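Student: compute the structure for the input listed below.
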Amino acid sequence: MDYILTEGRNSRLYQALVESGLASEVTASVTSLRESGWYEVLVTAGSKQDLKKIDLMLSSAIANVAEKGVTSEEVERAKTQLTADVILSNRDITSQAMRLGTDETTVGDYRYTDRYLAAVRLVKPTDVVAVISKYLTKEARTVGFFEPTQKLITEVADKPDSAQTTENFSPGAPVLFSEVIKYLPPVDLATDAIPQVLPDEFKFPNGLRILLLPDGSTPTVTLSGYIQAGTEFDPENKAGLAAFVADNLLNGTKSKDVLTIAKVLGERGASLDFQTYREGVHIEGDSLADDLPILLEILADVVKNSTFPTKELELHRQQTITDLQQELDEPSEVARRVFVQSIYPKKHPLHTFPTEESLQQIQRQDLIDFKTKHYRPDTTVLALVGDFDLDKVRSLIKNKFGDWEVSGKAPILKYPPVAMPEKIVSVNPVLPDKAQAVTYMGYTGINRYDPRFHAALVLNQILGGDTLSSRLGAEVRDRQGLSYGIYSSFQAGKNVGTFLIEMQTSPEDSSKAIASTRQILQQIHQQGVTALEVDTAKRTVISNYNVSLANPEELTDRILMNEVYGLDKVELHSFTDKIQKVTLAQVNQAARELLHPDGIVVVTAGPSVLAEKSIR
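Tutor: This next block holds a predicted model:
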């Protein structure tokens, strides 16, 4: 029932609510507990749409399904999607353990999922209608409307309007991880017993690079891809163009319309998505092994032959504007945006963010021109991991992508140098009536090629890599109780990187939390860290990395990005050796060179109480 109602562009509620322009998104979930359960539908209204009208349309669409029934085609597609989703979501050891634990806990049988999938295969159209008629009734439902309002702020109050609670997560001194580890079983960090399997790499005459790693552990295939067509290429007056192109690739080609594409993928339970980042567009795809040819066929068709139909483009524009309006009401998004723009000046590729005005400026021809210029085989990398024959898949990719033509040289973008802040730069964007404040602190950092990269990862793990066991987490969150969560990161890409610290606090505690964070930065910058901290951090980084490689999606992404960064493919396994060789002296040198507590950008987004506060 749920898949027929809400899964994909062909689903009943998506067609009734999103395609009509009433809503920008519709999602649903089935909650099944030991004693009871419920079905929850969440609809995000389109810009300036009436919530009661949406509710009437939602009720009408469900009633229509109950009255007229569903087709056998819909049921078979839903069964295939559900089965594929269960298989694809249980390929790594963490997911498998959670699935076994959940099944044993809720129904007393760790093999329940096998019986569940067998029962799914027996579902008929009449069964779906019976469930809708029994459970999705007017009498049984509860409806809630949430429509934000914004009060006019005429003055800055001494206290935020809502009551705040100061949390103290640890009444005593924080427990060091070095103490906890005494009670844990030993972890063998040796990798000699782990098969050092590396992907095979091929390059076609048109410049397309592919990396293939056969793995028959599950009957699935994971595809990751990269196209050098990120938001760094956005024109200032049309910010959002790169994402518009990527988001609309699946909306129609020369031979298939949007519903046909969605149907072809949906009938096989396959997924294909494009995500736009600063330095590139990431392709993410999953399918059962037998359906890989279909996945590659759709991918090749959309990157070569997408047409950007006007109807779908305008619908996407309205959805994007609605999403933007929601984002700009979230402290985390506002803080992140202002933080980046405070570090990188105007005209810098990282300064530009979409606005409602820039989104309205984008025309269909802009998408066509951008795609023609930036979607090229010689700036594209594909990585596949899964149950396939190497030679057959190589031949298949060549057949689908070999005629993808390249013309001229690929666009090259040079990032201008950015000076470090000479003092503390404090910015406090006001979001009225928010109960939480979000703070970003940082400055320009290192790129992936910096010789201090691995030492910086170890340093970051000690500083704020983990909220529960880092210096920042132990002091700011646990001992002082000033933050709900705090972490740090060296974001290192092909070009300039960013060092950042993010924390969530009550508005009245933000200044204290910022001051405490700066003290910790100062302490590590001047005094360094200990050998025990370095040893513990290395163990954590290595363990997390090895566990991540058991997840097909993370493994495929590692293979992909190593190639994008121009690293040797043995980096897949030599990464842990490089972390293990990091010394205390290297970490402390990185601390002296990369931590700058007195030259830092601090952005806190939250209620008006923050506007009068300054950073000391």
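Student: C-alpha only now, for contacts and for neighbours.
Tutor: Fine.
Student: what residue in this protein is the furthest from its centre?
Tutor: residue 67 (39.1 Å; C-alpha atoms, centre = their mean).
Student: list the buried residues for the strand or helix carrying that residue?
Tutor: Using DSSP states H and E, residue 67 maps to helix 51-68. Counting neighbours by 16 or more other C-alpha atoms under 10 Å, one finds that the buried residues in helix 51-68 are 51, 54, 55, 57, 58, 61, 62, 63, 65, 66.
Student: nearest to residue 459, of the residues you listed?
Tutor: Checking the buried residues of helix 51-68 against residue 459 with C-alpha to C-alpha, the nearest one is residue 51 at 49.4 Å.
Student: and the closest one, how far from residue 126?
Tutor: Per C-alpha to C-alpha, to the nearest Å, residue 51 is found 31 Å from residue 126.
Student: try residue 318
Tutor: Shown here: residue 318 relative to residue 126, a distance of 37 Å by C-alpha to C-alpha.
Student: again with residue 348
Tutor: Residue 348 sits 59 Å away from residue 126, going by C-alpha to C-alpha.
Student: what do you get for residue 578?
Tutor: From residue 578 over to residue 126 the distance is 59 Å, taken as C-alpha to C-alpha.
Student: before we move on, the earlier item: switch the buried residues of helix 51-68 over to TSV; also include distance to residue 282 and pLDDT.
Tutor: Below are those laid out as TSV (distance: C-alpha to C-alpha, whole Å; pLDDT from 0 to 100):
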residue	distance to residue 282	pLDDT
51	35	94
54	34	95
55	36	94
57	35	96
58	34	95
61	35	95
62	36	95
63	39	94
65	37	94
66	40	94
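Student: between those, which is nearest residue 505?
Tutor: Distance to residue 505, by C-alpha to C-alpha, is smallest for residue 51 among the buried residues of helix 51-68, at 32.2 Å.
Student: show me the shaky parts of this structure.
Tutor: 149-195, 609-616 (pLDDT under 70).
Student: where do the strands sit along it?
Tutor: 23-32, 37-45, 200-203, 209-214, 220-227, 271-276, 281-288, 380-386, 425-427, 437-444, 485-491, 498-505, 601-605 (DSSP state E).
Student: what sits against residue 465?
Tutor: Residues in contact with residue 465 (C-alpha atoms under 8 Å, 6 or more residues apart in numbering) are 487, 488, 489.
Student: right, and the strands of the chain - which one's nearest residue 237?
Tutor: Going by C-alpha to C-alpha, the one of these nearest residue 237 is strand 271-276, 18.1 Å.
Student: then the helix holding residue 67 to CSV, C-alphas only?
Tutor: Extracted C-alpha coordinates of helix 51-68, given in CSV (Å, rounded to 0.1, in the frame of the first residue of the first chain):
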residue,chain,number,x,y,z
LEU,A,51,-3.2,23.5,3.7
LYS,A,52,-6.9,22.6,3.8
LYS,A,53,-7.1,22.3,0.1
ILE,A,54,-4.1,19.9,0.2
ASP,A,55,-5.8,17.9,2.9
LEU,A,56,-9.0,17.6,0.8
MET,A,57,-6.9,16.4,-2.2
LEU,A,58,-5.1,13.9,0.0
SER,A,59,-8.3,12.5,1.3
SER,A,60,-9.8,12.4,-2.2
ALA,A,61,-6.8,10.5,-3.6
ILE,A,62,-6.9,7.9,-0.9
ALA,A,63,-10.7,7.5,-1.2
ASN,A,64,-10.3,7.1,-4.9
VAL,A,65,-7.9,4.2,-4.5
ALA,A,66,-10.2,2.5,-2.0
GLU,A,67,-13.2,2.9,-4.4
LYS,A,68,-11.6,2.1,-7.7
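Student: what sits up against it?
Tutor: So helix 51-68 is contacted by 12-13, 16-17, 22-23, 45, 129-130, 132-133, 136, 145 (C-alpha under 8 Å, 6+ apart).
Student: which of those residues sit farthest apart?
Tutor: So, the contacts of helix 51-68 by C-alpha to C-alpha: farthest apart are 45 and 130, at 29.1 Å.
Student: these two: who's more crowded?
Tutor: Per other C-alpha atoms under 10 Å, whichever of residue 45 and residue 130 has more neighbours is residue 45, with 23 against 14.
Student: helices of the stretch 401-550 of the chain, start to end?
Tutor: 453-463, 471-472, 510-527, 531-548 (DSSP state H, counting those that start in this stretch).
Student: okay, angle between the last one and helix 453-463 too, please.
Tutor: Relative orientation of helix 531-548 and helix 453-463, computed by axes from the mean of the first three to the mean of the last three C-alpha atoms, to 10 degrees: 110 degrees.
Student: list the buried residues of helix 531-548.
Tutor: So for helix 531-548, counting by 16+ other C-alpha under 10 Å, buried means 533-542, 545-546, 548.
Student: mind putting these into TSV with distance to residue 439?
Tutor: Below are the buried residues of helix 531-548 laid out as TSV (distance: C-alpha to C-alpha, whole Å):
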residue	distance to residue 439
533	26
534	27
535	30
536	28
537	25
538	28
539	29
540	26
541	25
542	29
545	28
546	32
548	29
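Student: closest to residue 75 out of those?
Tutor: Each of those was checked against residue 75 using C-alpha to C-alpha; the closest is residue 548, at 35.2 Å.
Student: quick check: the closest residue to the closest one other than its chain neighbours vs residue 489, distance?
Tutor: Spatially, and ignoring its direct neighbours in sequence, residue 548 is nearest to residue 554 (6.0 Å; C-alpha to C-alpha, 6 or more residues apart in numbering). Residue 554 sits 18 Å away from residue 489, going by C-alpha to C-alpha.
Student: looking at the two, which has the bigger crowd around it?
Tutor: Neighbours were counted for residue 554 and for residue 489 using other C-alpha under 10 Å; residue 489 has more, 21 against 17.
Student: quick one: contacts for that one?
Tutor: For residue 489, the contact set (C-alpha under 8 Å, 6+ apart) comprises 460, 464, 465, 499, 500, 501.
Student: next one: residue 26 from residue 272, what distance?
Tutor: 19 Å.
Student: swap in residue 235?
Tutor: Relative to residue 272, residue 235 is positioned 27 Å away (C-alpha to C-alpha).
Student: who's more crowded, the two?
Tutor: residue 272 (18 against 15).
Student: wait, the more buried one touches residue 284, no?
Tutor: Yes. Judged on C-alpha atoms under 8 Å, residue 272 makes contact with residue 284 at a distance of 5.8 Å.
Student: any chance of CSV for the strands of the chain, columns distance to residue 84?
Tutor: Compiled in CSV, the strands of the chain are given as follows (distance: least, C-alpha to C-alpha, whole Å):
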stretch, distance to residue 84
strand 23-32, 17
strand 37-45, 21
strand 200-203, 27
strand 209-214, 20
strand 220-227, 9
strand 271-276, 10
strand 281-288, 7
strand 380-386, 15
strand 425-427, 47
strand 437-444, 38
strand 485-491, 34
strand 498-505, 36
strand 601-605, 41
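Student: those strands: which one's closest to residue 372?
Tutor: strand 220-227 (12.5 Å).
Student: from the chain's centroid, how far away is the closest one?
Tutor: Relative to the chain's own centre, strand 220-227 is displaced by 15 Å; criterion: C-alpha atoms, centre = their mean, to the nearest Å.
Student: pull up the pairing partners for it, direction included.
Tutor: Neighbouring strands of strand 220-227 in its sheet, by DSSP bridges, are strand 281-288 (antiparallel), strand 380-386 (antiparallel).
Student: tell me the angle that strand makes with strand 209-214.
Tutor: For strand 220-227 against strand 209-214, the angle by the same axes, to 10 degrees is 160 degrees.
Student: if we go by neighbour counts, what in strand 220-227 is buried?
Tutor: Using 16+ other C-alpha under 10 Å as the test for burial, strand 220-227 gives 220, 221, 222, 223, 224, 225, 226, 227.
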